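[1] Please work out how this folds:
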Amino acid sequence: MTNGQRVLEEIIRRHGSNRFRIAFCPYKAEMWDAMESIFEACIFESNIKPVICPIPFAEFDFKGNLGLYRTEASRIKEMTAYVNHFVSPEQLDGFKPDYIVLHYPYDDKNTVTRIDKEFLSVNLMYKGYKIIYTPYALPYGGTSTCDLTKQPVLKHSWLIVQDSEEEKQNVINAWKKENIDLSDKIIVTGSPKRDYLLDAEETGVTNTVLIAGSLIPLLNGMPKKLLAYQRIIEAELALNKKIIYRYHPLSTTGFLSKLPAYYPQWINFLGWCQTLTEKYDFKFDDNLRIQDTMNLCDYMYADGGSAVELWKGTKKPYEVIVKEMPSAISGQKEELNY
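    Numbering: from 1, shown residues only. Predicted structure coming up:
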């Protein structure tokens, strides 16, 4: 049984039947995996009517100005065979879902992206929709910081999906400080993100290294983090390894809105990586689902975050990237060289 099926079983149990309408509302395609296996479980229940309604969102620039709203419907359609199950944001209220599944926790509290106000959890709740929250992130180290546990969607949810008992208790404790008891809302099924991983015995040795970047560790570690990436890439290429580099889908937006002074350095780094694709077995990750890439690789370097916690399920070796790497020759710090 998948984690997605476990979530659906609990929804049916609490609903009292397997007859209802449910809308899955992702915003970034790379985060669709947080709810994908729940949707797939719904497909096989003839009395359940599931649809996918990608959320419109916009990104902030370095002046705090908001760009144009858009959805990633076309990218999410690349990840599923059920393209006839999509509805537009304008069609959602007409569909009249009993439940809405979200993975975006912030409502209007995020300073990197902003979702359409119609999809704020507080507004969905006022419309009478029951919200099911399934986090897009796996907590690095086992538990999340308050930055994730204290976001609005948790307070407004009818059901909260958690990966572990440890994280469940962490969330309960965080909200107790405000005299809000979420204990009856939280279920521990394991994250749906885990449903698409293969274990190490199935994937075998591929001589391929994954470098997986996270957003906050990258921004907090600048500029030393780019130096670390460079040193790892150069060392692994010298060993004739294949390299797949996957950076967080909001990295460029994060630099523009949070660290505009470092934006040119980030673009230069990506340009340097692009030159490697022409000379070596190096490529940017083109899989929308990170699990597909992990299944291709037998070693991973990562900034921490969700990638590490997800990778642990493969039982393959990995290393967490520190902010700076020593010179392989002298042990002295070196400058970026691209």
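
[2] what's the neighbour count on Lys49?
    17 (other CB atoms under 10 Å). Where you see a C-beta, it was placed from the backbone N, CA and C, and this is true even at glycine.

[3] secondary structure class for the closest residue to it other than its chain neighbours?
    Nearest non-adjacent residue to Lys49, counting by CB to CB, 6 or more residues apart in numbering: Arg21, 4.5 Å away. Per DSSP: H, G, I helix; E, B strand; the rest coil, the secondary structure class of Arg21 is strand.

[4] What ranges does the stretch 1-150 of the chain have for its helices?
    3-15, 36-43, 73-77, 92-95, 121-126, 146-149 (DSSP state H, counting those that start in this stretch).

[5] Adding mean pLDDT, mean neighbour count and distance to Tyr263, write those out as CSV.
    Compiled in CSV, the helices of the stretch 1-150 of the chain are given as follows (pLDDT from 0 to 100; neighbours: other CB atoms under 10 Å; distance: least, CB to CB, whole Å):
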stretch, mean pLDDT, mean neighbour count, distance to Tyr263
helix 3-15, 98, 19, 38
helix 36-43, 97, 22, 32
helix 73-77, 97, 17, 24
helix 92-95, 96, 13, 35
helix 121-126, 95, 17, 31
helix 146-149, 81, 15, 23
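
[6] would you list those in JSON lines and tack on distance to Ile243?
    Shown next, in JSON lines, are those (distance: least, CB to CB, whole Å):
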{"stretch": "helix 3-15", "distance to Ile243": "30"}
{"stretch": "helix 36-43", "distance to Ile243": "27"}
{"stretch": "helix 73-77", "distance to Ile243": "24"}
{"stretch": "helix 92-95", "distance to Ile243": "41"}
{"stretch": "helix 121-126", "distance to Ile243": "39"}
{"stretch": "helix 146-149", "distance to Ile243": "30"}
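
[7] for the residue nearest to Lys49, what are its contacts?
    Ile48, Lys49, Pro50, Val51, Phe95, Lys96, Pro97, Asp98, Tyr99 (CB atoms under 8 Å, 6 or more residues apart in numbering).

[8] which one among these gets closest to Ile180?
    Using CB to CB, Tyr99 comes nearest to Ile180 of the contacts of Arg21, at 21.2 Å.
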